[in-house]
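Participant: Output the structure for:
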Amino acid sequence: MNGRIVTVFGGTGFLGRHVARCLRARDFTVRVASRHPDRADHRDSKIQPVRADIRNPLAVEAALVNAWAVVNAVSLYVEHGSDTFDAIHVKAAGTPAQAAREAGVERLIQVSGIGADTASPSLYVRKRAEGEHAVRSAFPNPVIVRPAVMFAADGGFITTVLDLMRRLPAYPLFGRGQTRLQPVAADDVAEAIARILTRPEREPHLYEFGGPDVFTYEDFLRTVARDAGLRPMFVPFPFAGWHLLARFAEILPRPPVTRNQVELMEIDTVTSASMPGLHELGITPKPVKDTVRDLAFAGR
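Facilitator: Model (predicted):
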């Protein structure tokens with residue numbers, strides 16, 4: 001595997017940073033393709049930062065020169081201007097897949113999301129599913145990975161929750177907080193992607209990655225608060241109220257909440273028992289509590 005080039009689109013993003021580190025640990029040369037190449041690790045000679053907007057076919061082609069594999073870790077959670085779910089999760093998923101096939105790239109991993117479904121009421125979830133279809137149409141036998149909501153010590157879900165708990169006098173729940181979720185460590189997802197690329201076999205073609213515990217949203221918040229030594233007040237807030245609040249918030253340049261985010265909080269995001277996941281790759285998923293305690297200790 002030494003010397004093989006893996007191009008990671010979105011390699012300076014939240015998950016992409018972790019993926020790049022795991023690939024380097026296996027002696028891959030990692031080409032970090034991003035709109036912000038200055039954020040890549042320039043201390044490592046086997047990290048190749050390149051400027052590439054995934055929506056630009058010429059930039060994508062340049063980022064794939066001599067690449068053996070591609071990981072598309074580009075994601076978008078809030079639409080803004082031309083950055084729409086359709087533009088990023090569908091069109092910009094198909095572009096590198098098509099370019100990779102034409103360039104003779106051997107492996108491609110597309111990062112999607114748990115529950116991707118073209119019939120979902122959530123626009124985000126629908127576009128994730130459409131993006132999977134675009135990739136499969138453009139590249140032979142890609143691997144699709146669907147992580148649940150991710151956390152890490154350097155960002156993600158838990159850091160956001162802890163920040164809000166420390167700032168707000170009362171923490172508003174989405175509905176009664178009964179939506180189920182299965183948070184997974186970004187390090188575990190990145191390690192899984194690296195292991196998939198080091199395996200000689202190319203099956204299975206679809207994985208779902210979740211953590212060791214399934215929580216209701218309320219139980220998750222209480223777990224985080226307890227492990228961080230916090231005692232916030234939790235207040236149920238109906239989804240209808242959230243949708244109304246989000247409608248007005250979307251007028252702002254950087255809305256604190258969007259209707260799409262509210263829709264996502266109405267949908268369970270847990271792995272399917274019939275889908276291969278971390279255990280099939282020999283990975284024991286990290287529990288939430290370890291990261292919470294590390295963050296809580298660092299914040300003291």
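Participant: so how far is Arg176 from Ala249?
Facilitator: Going from Ala249 to Arg176 by CB to CB, to the nearest Å gives 22 Å. From N, CA and C alone the C-beta is placed, and that goes for glycine too.
Participant: Looking at those two, which one has more neighbours?
Facilitator: Ala249 (17 against 14; other CB atoms under 10 Å).
Participant: looking at it, His205 is touching Arg146, isn't it?
Facilitator: No: contact criterion CB atoms under 8 Å: His205 and Arg146 do not qualify, at 11.8 Å.
Participant: ok, the two, which is more surrounded?
Facilitator: Arg146 (25 against 12).
Participant: just for this structure, where's the confidence low?
Facilitator: 1-2, 42, 297-300 (pLDDT under 70).
Participant: Off-centre distance for the longest helix along it?
Facilitator: Counting by DSSP state H, the longest helix found in the chain is helix 123-138. In terms of CA atoms, centre = their mean, to the nearest Å, the centre of helix 123-138 is found 15 Å from the chain centre.
Participant: One more: stretch 36-50?
Facilitator: Here stretch 36-50 is found 20 Å from its chain centre; the criterion is CA atoms, centre = their mean.
Participant: Kindly export it (C-alpha atoms) in CSV.
Facilitator: Only the C-alpha atoms of stretch 36-50 are listed here, as CSV (Å, rounded to 0.1, in the frame of the first residue of the first chain):
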residue,chain,number,x,y,z
HIS,A,36,-9.3,25.6,2.2
PRO,A,37,-6.0,23.7,1.6
ASP,A,38,-4.2,26.0,4.0
ARG,A,39,-6.0,24.1,6.8
ALA,A,40,-4.3,20.8,6.0
ASP,A,41,-1.3,19.4,7.9
HIS,A,42,1.7,20.9,6.1
ARG,A,43,4.2,19.2,8.5
ASP,A,44,3.8,15.8,6.8
SER,A,45,5.5,15.5,3.4
LYS,A,46,3.0,12.7,2.5
ILE,A,47,0.1,15.1,2.9
GLN,A,48,-0.6,16.9,-0.4
PRO,A,49,-2.9,19.9,0.0
VAL,A,50,-4.6,20.9,-3.2
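Participant: Need the residues that contact it.
Facilitator: Identification of contacts with stretch 36-50 by CB atoms under 8 Å, 6 or more residues apart in numbering yields 5, 11-12, 20, 24, 27-34, 51, 62-63.
Participant: Now go through those and say which are in strands.
Facilitator: Among the contacts of stretch 36-50, the members falling in strands (DSSP state E) are 5, 29-34, 51.
Participant: And the furthest pair within these?
Facilitator: Thr29 and Arg51 (17.6 Å; CB to CB).
Participant: show me where this structure has helices.
Facilitator: 14-24, 57-63, 85, 92-103, 123-138, 157-167, 186-198, 217-228, 239-249, 259-264, 288-298.
Participant: Dump those to CSV, plus distance to Val70.
Facilitator: As requested, those are exported to CSV (distance: least, CB to CB, whole Å):
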stretch, distance to Val70
helix 14-24, 11
helix 57-63, 9
helix 85, 21
helix 92-103, 5
helix 123-138, 10
helix 157-167, 26
helix 186-198, 10
helix 217-228, 33
helix 239-249, 35
helix 259-264, 27
helix 288-298, 29
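Participant: Out of those helices, which is closest to Ala73?
Facilitator: Nearest of these (CB to CB): helix 14-24, 4.2 Å.
Participant: Counting by contacts, list what the closest one packs against.
Facilitator: Other helices and strands packing on helix 14-24, by 3 or more CB pairs under 8 Å, 6 or more residues apart in numbering; DSSP states H and E, are strand 5-9, strand 29-34, strand 69-72, strand 150-152, helix 186-198.
Participant: how close does the most centrally placed residue in the chain get to Arg136?
Facilitator: In the chain, the residue lying closest to the centroid (CA atoms, centre = their mean) is Leu15, at 5.8 Å. Distance, Leu15 to Arg136, by CB to CB: 21 Å.
Participant: Thr216 now?
Facilitator: Noted for Thr216: a distance of 34 Å to Arg136, by CB to CB.
Participant: One more: Arg180?
Facilitator: Distance from Arg180 to Arg136, by CB to CB: 28 Å.
Participant: Which one's more surrounded, those two?
Facilitator: A direct count of neighbours by other CB under 10 Å for Arg180 and Arg136 places Arg136 higher, at 17 against 14.
Participant: Spatially nearest residue to the more buried one, not counting backbone neighbours?
Facilitator: Of all residues not flanking Arg136 in the chain, Pro142 sits nearest, at 6.2 Å (CB to CB, 6 or more residues apart in numbering).
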